[in-house]
Every structure is written in C-alpha cells, then in structure tokens.
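Asker: A predicted structure for the sequence below; I have some questions about it.
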Number of protein chains: 4
Amino acid sequence: MTPLRILVTGGIFDKRYDAAGGTLGFGESHVPSIVERARLAGPVCVQVIMLIDSLEMLDTHRRQVLDACRAAPEESVVVVHGTDTMVETGAMLGNAALPKTIVLTGAMVPYSVEDSDASFNLGAAVAFARSLPHGVWVAMNGVAHPWSDVRKNRSAGIFESLG
Amino acid sequence: MTPLRILVTGGIFDKRYDAAGGTLGFGESHVPSIVERARLAGPVCVQVIMLIDSLEMLDTHRRQVLDACRAAPEESVVVVHGTDTMVETGAMLGNAALPKTIVLTGAMVPYSVEDSDASFNLGAAVAFARSLPHGVWVAMNGVAHPWSDVRKNRSAGIFESLG
Amino acid sequence: MTPLRILVTGGIFDKRYDAAGGTLGFGESHVPSIVERARLAGPVCVQVIMLIDSLEMLDTHRRQVLDACRAAPEESVVVVHGTDTMVETGAMLGNAALPKTIVLTGAMVPYSVEDSDASFNLGAAVAFARSLPHGVWVAMNGVAHPWSDVRKNRSAGIFESLG
Amino acid sequence: MTPLRILVTGGIFDKRYDAAGGTLGFGESHVPSIVERARLAGPVCVQVIMLIDSLEMLDTHRRQVLDACRAAPEESVVVVHGTDTMVETGAMLGNAALPKTIVLTGAMVPYSVEDSDASFNLGAAVAFARSLPHGVWVAMNGVAHPWSDVRKNRSAGIFESLG
C-alpha cells in the first residue's frame, strides 16, 4: 500500500461558519474526519501546515508547503489548498521538480456547507496521488491537470486546461 | 479529457430511509447530484442499470452489468455497486478482459446518512478510472485493488488484498 | 425561565446507521448535541432512560418513563419516544395525572438521515412543554394533541385527532 | 387545527453559500422544504416577503412585515427574521397591538450549514404561535420572550430578558 501524506493549508475546503462574526472562518480542519470516515487504507498521515485563505498566501507560506513536500517521507502527497491561488502554489512546487507525485485539490463549496464538493475532491486527489507518475497535478472536477497546463475559470467555477 | 461512464447498480451507496416502512430502500440514485456538485469535467454519462441490494444480485444481473460495460463507448467506466458482492461482479467483469479501465466502488454508509463515505469513494473511483491501465479494479478506502486480489473484510469494514 | 427536563427513550429519532450490520440501530443519543446547537436557555437537563425501538417497549419500560416523569423536579418535561407506541405511553402517563406538562415527541426520519424532522419536532416539543397547561400531550407535525385524542396515521405518516 | 402563516424575510436562517462569490447570500428560502419535511399539520401558508439581511432592513421593510401580519387571515403568525434587528421589528409589530399571536424567530447558523439551529427554532416558533396568547414574541433558544423584554446578547450568541 502506497504511504500517503495529506498536507492541509486551508482554503474554502475547510471554512466553517462562525456564528459570532456571521462569517466563514477557520476552526479545526475537517480532513482527519473525512479520512476516518473513508477508512483510508495504508499508512496515511494528515499534517495541518496552516489554515488560511489562499488569497492571503504569501511566498513564505508557499515555501512552507514546498518544505513540507520535500520533508515528507512519502512519495504520494495530497495538498488541500484554496482554489484562488492553487495554480500559483502548483507552479512553485512544479518548478522544484521533486521525485514525488504531488496532487493539489480544494473545494468550491466548504465541507461544512450543504452540497459541498470537498469529499469527492479529496477522494479523487488521494486516488491520483496513488496512481499518477511523479509530478505536480491539480485535481479538481474529477480530472488531474499538469501544474503547467491549468487555470481556474472563475465564471464557470471549474478548473480547465490552458488549451 | 477522458470520456467517462458511471454505471449505477444500487447497493448501500444509494439507499435512502423510507419513513413509511422504517427501513432503508431505494428511490432515485444520488449519483447524478454528486456529479453535478463536483462539476465533473469532460463528457460524463451516468447510466442507472438497476437499484438493488448486491446480496440480491443474480448472474443475470451481473451479465447486465457486463453487457453495459461492453456496450459503453467510453474506455473509462465506474460501476457503483453494493459492497457485499462487489468482488463477485469484479471477477465476472475481470474474466471478460475488456479493453477498458473498469472501477467498481460503493459505500459502507449510505450517501443519505451522516458520515457517509459515498462521495469520497466516487471521487476516488472516477480518478482511478481516468488514470489506471486497462483492467478491472475495486476502489475502496482510497485504494484500487486488482479484481483478482481483493476481499471484503466484514469485521473491519474495509477491503483488503488476499495477501 | 422554566426549568426543563428532556427524557430520552430512543425511537427512530435517535437511530443511526450501523455500517457493520447494514441496519439502523442505536449509539449515543443526538439530543444533547441538538440542545447545545440550539443554545437552549434556562436550566435544561437531558436524561437518557433507554435507547430502544418503541415496538419493543414493555409495560416495565413505560413504568420507567412514568417514574422518571414523577421523579423529575421540573414541571416541564419532554419525552423523546418512538412513534409506533407513543400514544400508548402517552395514555399511561396521562392516566397518572401528574401536575406537570409532559410532551411526547419523536421523528419519522432519524436525525442522522437527510431530510429529518427530528430537530423541528424537538423544538416544537420544548416550546409546548413551556407554554401549555399541565397534562400529557403528543407533539408531532407542529401540533400538540391531548394524549386522549390522538392516533398515528401510518399510511399518511402523521399524527391526527381521533375526531 | 389553528391555521398558521409563516412570513419569511431572510436573515442568517436562509443564507446559502454562493460558490461564485465565496460569500453567503440568498437563493430560495428553505422554509417550504422544512415545512414539508415536518409534514406540518393544519392549514399552513408560507409567504416570502423579502430575503434580506436584517441589518439592511429599513422602516419601509418593517412596514411591509407589519402590513403582511395585518393582512394575514390567520391569528397565528411566525416571522422568520435576521437576528440582528429582530428586536426592532418586534417592537414595531408589538406597538401595532394586533389581535394575533405573532412569533419572530431566526437562526444563529444558516440552515444550509452543519450544526444549524434553524429547524429547531422554526419548530419552537410554530408551537409558540399555536399556544401562546395574543401578542408579539421573540422565540429563540427554546424560549418565547415578550417583545418588550428581550435583547440579543451578541457575545453569548443568545437572546435574553432585559432583566
């Protein structure tokens, strides 16, 4: 069984409603409970690096993600990330050319909200991380795009090839 | 984008609570709404063949699944199936040796019930169907097992290698 | 603020899906978490007496419910109960003519299943227990019926007057 | 069976996540589906007056609510309202001294978000509207406060007496 590491950085995937503020914010990550419910097989390690909106990610944050990918003993790595700058982080990880399969994913609707795509996307990312060759991939909408050929189409709410 | 077909046969994945009978039964499949929420990319066709408990599956039912796999114009096929006889259907499909990537999946907890693994499993199955070589696979717990090397471990509630 | 006691006896309200058995059974009661989410005001005590299907309730079980109502220091009591024999328990409690407002409620769809009526019903029962005169009431479908004038209409899935 | 009217004005109760904007906004009201799930008994009419944040409510909006209460043929009226200015609307309705039982309610967490109090609160409001004497009430946290003796305690996230 391929050992797997899931790095959590935040993004819409993990946002929760904060009744006091009337806004969406961060509490604990939902990833550990999704992993538990799916009874994920094999050695799986969930590592929460940060819980922030990806629009607030600075280069220092991206370097933390890169460092965590490099330090991971596993060859299969999933990165849960906000969708707004997932492509930028993918580019930084891609340029590092680590001998690993790194799959970025996120969600358009928070896990804590009805009709979320979070669980589906995490399932797809785990599968791609265990089946695709080394490289950096962005997995959304049930498809894995190479990091160098993907963009977020904001109006359609999907990820697509540069085409 | 790899065209994809999702064949629905029922199983725990799609069971719903029936208030009149106080039991779990079948209504409409949830697969189309999961596909819509995930905004699945590429040509995707959802085909409901039957909605039955896999313990009630006869050879005639399995042949219907095989016929649907053979008739599908797509090379990537996901079969949503009850977990109790998923391995038997996998064997029949595997022996047919179609030039396709066929991935069986299901759920331990219905989609309509809290803490379900259905969305995660469908996401993983879609990803495996688009990334693994031709053959028949059973995708549960975030892992794809070859059809000839998998069993359901009832007491642990997981699928595992015969090994 | 009227002090309130919520007695939990089980029923469909509290059933959970048991993945090992593939059936609906009992785990922990959901009532404490509903109470917490609603931030219920005033002194509120949740007391789990039993967690059983109301079709399995014997006279000894009903006497336990009656004893708990009698022993409760609060005048306002909600009893969460299976719908199938809610009327029978209501009759036993009604005949005891305690100087309390006792409101029985339950659910047609378990709290743990999509589209449940459990939270709505508990909210209505709490409100009726704090606003109706002494007596025993069955609160379902947003209405409080006196215990001596109510039956479950199985085909319609509702409670109604004998009238 | 007491005929009942539910007036919908918006508020957190009915907010939904808007994936395009990454914010909470309004779509269709959830009240009709909650009413359907609870199989609400008796003549029940759901009337959506507006769907706005109660912080954006002007006097003209409140007069619309008052007009709708006055025009309603039913004596029992529930008003689903944002929590931030529920007390102000309650005061305007209270000063009108209509010969009706009017119960304002809302939610601290949207219906569409996990761990919502919306269904519980609506159940309680319906019950209070059918059991309390004429007057204007604010029903939150399982308690009905007279409109002239209630405030929102923002830091605690509850409604309480002026005490």
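Answerer: In hand now; what should we look at?

Asker: Phi first, then psi, for the residue in chain A that chain B sits nearest to.
Answerer: As assessed by C-beta to the nearest C-beta, chain B sits closest to residue A:123 within chain A, at 3.0 Å. C-beta: built from backbone N, CA, C; applies to glycine. In terms of degrees, to the nearest 10, the main-chain angles of residue A:123 are phi -60, psi -40.

Asker: quick one: contacts for the residue nearest to it when sequence neighbours are not counted?
Answerer: Among residues not flanking residue A:123 along the chain, residue B:123 sits closest, at 3.0 Å (C-beta to C-beta, 6 or more residues apart in numbering or on different chains). The neighbours of residue B:123, taking C-beta atoms under 8 Å, 6 or more residues apart in numbering or on different chains as the test, are A:119-125, A:127, A:142, B:38.

Asker: Check the residues you listed against residue A:160 and report the nearest one.
Answerer: residue A:142 (12.6 Å; C-beta to C-beta).

Asker: Let's see the pLDDT reported for the closest one.
Answerer: Note on residue A:142: pLDDT of 98.

Asker: repeat for the one 4 residues further on
Answerer: Per-residue pLDDT puts residue A:146 at 98.

Asker: Next, give phi and psi for the residue of chain A most remote from its centre.
Answerer: In terms of distance from the mean C-alpha position of chain A, residue A:20 ranks first, at 27.8 Å (C-alpha atoms, centre = their mean). Main-chain torsions, residue A:20, degrees, to the nearest 10: phi -70, psi -40.

Asker: quick one: it from chain D, how far?
Answerer: 6 Å (C-beta to the nearest C-beta, to the nearest Å).

Asker: Enumerate every residue touching that residue.
Answerer: Residues near residue A:20 by C-beta under 8 Å, 6+ apart: D:154-155, D:157.

Asker: For the residue nearest the centre of chain A, give the beta-bridge partners.
Answerer: In chain A, the centroid-proximal residue (C-alpha atoms, centre = their mean) is residue A:80; its distance is 2.1 Å. Bridge pairing for residue A:80 (DSSP bridges) gives the partners residue A:8, residue A:105.

Asker: surely it meets residue A:12?
Answerer: No - using C-beta atoms under 8 Å, residue A:80 is not in contact with residue A:12, being 10.2 Å away.

Asker: how far out from the middle of the chain is the longest strand seen in chain A?
Answerer: Selection of the longest strand in chain A by residue count, based on DSSP state E, yields strand A:44-52. The chain centroid and the centroid of strand A:44-52 are separated by 10 Å under C-alpha atoms, centre = their mean, to the nearest Å.

Asker: Equivalent analysis for stretch A:61-78, please.
Answerer: Chain-centre distance of stretch A:61-78: 12 Å, with C-alpha atoms, centre = their mean.

Asker: Equivalent analysis for stretch A:79-91, please.
Answerer: That offset, for stretch A:79-91, works out to 7 Å (C-alpha atoms, centre = their mean).

Asker: what's residue A:67 sitting at in phi/psi?
Answerer: Dihedral pair for residue A:67: phi -60, psi -40, per degrees, to the nearest 10.

Asker: Next: residue A:114.
Answerer: Dihedral angles of residue A:114 (phi, psi; degrees, to the nearest 10) stand at phi -60, psi 150.

Asker: residues contacting it?
Answerer: D:112-113.

Asker: Pairing partners for the helix or strand hosting residue A:144, with directions?
Answerer: If you go by DSSP states H and E, residue A:144 is part of strand A:143-146. Sheet partners assigned to strand A:143-146 using DSSP bridges are listed as strand A:135-140 (antiparallel).

Asker: hey, C-alpha coordinates of the strand it pairs with in CSV?
Answerer: Included here for strand A:135-140 are C-alpha records, laid out as CSV according to Å, rounded to 0.1, in the frame of the first residue of the first chain:
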residue,chain,number,x,y,z
GLY,A,135,5.0,15.4,-11.0
VAL,A,136,2.7,18.1,-9.7
TRP,A,137,-1.0,17.9,-10.5
VAL,A,138,-4.1,20.0,-9.9
ALA,A,139,-7.1,17.7,-9.3
MET,A,140,-10.5,19.3,-9.5
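
Asker: And for it, what's in contact with it?
Answerer: Against strand A:135-140 from outside (C-beta under 8 Å, 6+ apart): A:83, A:86-87, A:90, A:93-94, A:101-106, A:121, A:124-125, A:128, A:144-147, A:150, A:158-159, B:41, B:127.

Asker: out of the residues you listed, which are buried?
Answerer: Buried by 16 or more other C-beta atoms under 10 Å in any protein chain shown: A:83, A:86-87, A:90, A:93-94, A:101-106, A:121, A:124-125, A:128, A:144-145, A:147, A:150, A:158-159, B:41, B:127, out of the contacts of strand A:135-140.
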